[in-house]
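In: everything below, folded, please.
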Amino acid sequence: MTYGKGVALVLGAGVLWSSIGLVVRQIDEAGAASVMFWRSAGLLPALWAFLHWRTGGRVLAGLRAVGLPGFVGALGLVAAYAGAIYALQATTVANAVFLYSAAPFLAALLGWAALGERVAATTWVAMALAGAGIFVMIGGGFGGGRMDGNIAALISAAGFAVFSVSLRWGHVEDSLPTVLLGGVLSMIAAFGLAAILGQTVAASARDIGISMALGAVVLTAGMALYTFGSKALPTAELTLISSIENILAPIWVWLLLGETASQSTLLGGAMVLVAVMGNAVMGARRQAMA
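Out: Residues are numbered from 1 along each chain as shown. Reported below is the predicted structural model:
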C-alpha cells in the first residue's frame, strides 16, 4: 500500500460517507428507530463477510478479543448511530454533519479526563474555535434546524468519542469487530428507541431497502476503503482527509435536493471544520518531527 493509494482510498471512503444524509433524505416514512434497525441489519452480513475474508474465518475470535473496552466502544456506537440518524431526520444535513464533526475534540477531552492523555496546546486552541463555532450554530439561534436535532448530533459526536477512547483504553488495534458488535447492539437498542419515541421498527419495503443499502453499501464499503487506506497514512492525516465527508454532505443535498443552510450554520460549521482540519495539520507536523 503506497501513500498515494492510501490517500485515494480514504478520500473514497469520505466521499461515500458524505452521501449518508442524501440517502436518508430518500426515506419516506420510517423513523429513526426503524432506520437504525434496518441499517444495522444491512451492515451486519456485509461487515461479517468482509471480516470473514480478511481474518480467514476468525470473526468470532476477533469479537471475543475486544473484551470490555470493545463492548464500551460498541455502546458508544449505539449512541452515535441513533444520534446521527435522528439528527439527519430532525435538522438540516449541514447542521448535523458540522456538529458531529466535533467528535475528535470530544475524544481529546475524554481521553484527557479518563486516560490522562496529554492534549497539545494547538488542540486546546482548536477546541476553543470549534466550541465557538458550535455556539454560533446553536447557541446564538437554532442554526436553521430543530434544537432536538442539534442536540442529537452532539450526542452522536459524544458516542463516537466514547468509541475512539475506549479502543485506546483497551489498546484495540482492529476496530471493525467492535463496529460489528455495535451493529448487533444497535438492532436491540432500536426497540428501546422506538418505545421512547413512540415509533415502530416496521417500515415499508422501500424504506427497508434504502436503510439496508445504507448499512451494507455506504457504511461497510466506506469502512473497507478506510481500513485499507489507513495502513499507509498517519492518524492526523486520516482525520484531515476524511473531513471531506463533512464538506461534501451539505453540498450534495443542496445540489440535488435544494436543501439550504442558514448563515449561522455555514459560519459556525466553517469554524468547526477549520478547527478540525487545522488541528490535523498540526498533528501531522508533530508526527513528522517525532
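In: contacts for the helix or strand where Gly131 lies next, please.
Out: Take DSSP states H and E as the rule and Gly131 turns out to sit in helix 121-134. Counting contacts by CB atoms under 8 Å, 6 or more residues apart in numbering, the residues outside helix 121-134 that touch it are 98-99, 102, 105, 108-109, 154, 267-272, 274-276, 278-279, 282-283. All C-beta spots, glycine's among them, are computed from the backbone N, C-alpha and C.
In: what about these, which are in helices?
Out: Judged by DSSP state H, the subset of the contacts of helix 121-134 located in helices is 98-99, 105, 108-109, 154, 267-272, 274-276, 278-279, 282-283.
In: so where is the chain shaky, pLDDT-wise?
Out: Scanning the chain for pLDDT under 70 picks out 1, 139-145, 290.
In: one more pass at 50, please.
Out: Applying pLDDT under 50 to the chain picks out residues 142-143.
In: can you give me the strands in it?
Out: Here the chain has no strands by DSSP state E.
In: that older thread, the ones in helices among the contacts of helix 121-134, buried ones only, as a ChimeraX selection?
Out: Buried members of the ones in helices among the contacts of helix 121-134 can be picked out in ChimeraX with the line below, counting by 16 or more other CB atoms under 10 Å:
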select :98,99,105,108,109,154,268,269,271,272,275,276,278,279,282,283
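In: the stretch 51-200 of the chain: helices as residue ranges?
Out: With DSSP state H, counting those that start in this stretch as the criterion, the stretch 51-200 of the chain has helices at 59-65, 67-90, 93-100, 103-115, 121-134, 147-169, 176-197.
In: can you tell me which of those helices is most buried?
Out: Comparing these on average neighbours per residue, with mean count of other CB atoms under 10 Å, the densest one is helix 93-100 at a mean of 29.
In: tell me what that helix is packed against?
Out: Judged by 3 or more CB pairs under 8 Å, 6 or more residues apart in numbering; DSSP states H and E, helix 93-100 is in contact with helix 20-24, helix 67-90, helix 147-169, helix 244-257, helix 263-289.
In: what does it contact?
Out: Contacts of helix 93-100 from elsewhere in the structure, counted by CB under 8 Å, 6+ apart, are 21-22, 25, 80, 83-84, 87-88, 133-134, 137-138, 143-145, 149-150, 152-154, 156-157, 160, 245-246, 249-250, 252-253, 259, 261, 265-266, 268-269, 272-273.
In: try it again at 7 Å.
Out: 21, 84, 87-88, 134, 137, 143-145, 149-150, 153-154, 156-157, 246, 249-250, 253, 259, 261, 265, 268-269, 272 (CB atoms under 7 Å, 6 or more residues apart in numbering).
In: stretch 21-37 too?
Out: Residues external to stretch 21-37 that are found in contact with it (CB under 7 Å, 6+ apart): 81-82, 85-86, 88-89, 93, 96-97, 186-187, 190, 193-194, 197, 199-204, 206-207, 210-211, 214, 218, 249, 252-253, 256-257.
In: what of stretch 253-273?
Out: Contacts of stretch 253-273 from elsewhere in the structure, counted by CB under 7 Å, 6+ apart, are 21-22, 25, 92-95, 98, 101-102, 129-130, 132-134, 136-137, 140-141, 143-144, 243, 246-247, 250.
In: let's see 6 Å
Out: For stretch 253-273, the external contacting residues (CB atoms under 6 Å, 6 or more residues apart in numbering) are 21-22, 25, 92-95, 98, 101-102, 129-130, 133, 136-137, 141, 143-144, 250.
In: now do the same end-to-end measure for that stretch.
Out: The separation between the terminal residues of stretch 253-273, taken as CA to CA, to the nearest Å, is 18 Å.
In: which positions within it qualify as buried?
Out: Of the residues in stretch 253-273, those buried under the neighbour-count criterion (16+ other CB under 10 Å) are Val253, Glu259, Ala261, Ser262, Ser264, Thr265, Leu266, Gly268, Gly269, Met271, Val272, Leu273.
In: make CSV out of these and add distance to Leu51.
Out: Output for the buried residues of stretch 253-273, formatted as CSV (distance: CB to CB, whole Å):
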residue, distance to Leu51
Val253, 32
Glu259, 35
Ala261, 37
Ser262, 42
Ser264, 42
Thr265, 37
Leu266, 39
Gly268, 38
Gly269, 34
Met271, 38
Val272, 33
Leu273, 32
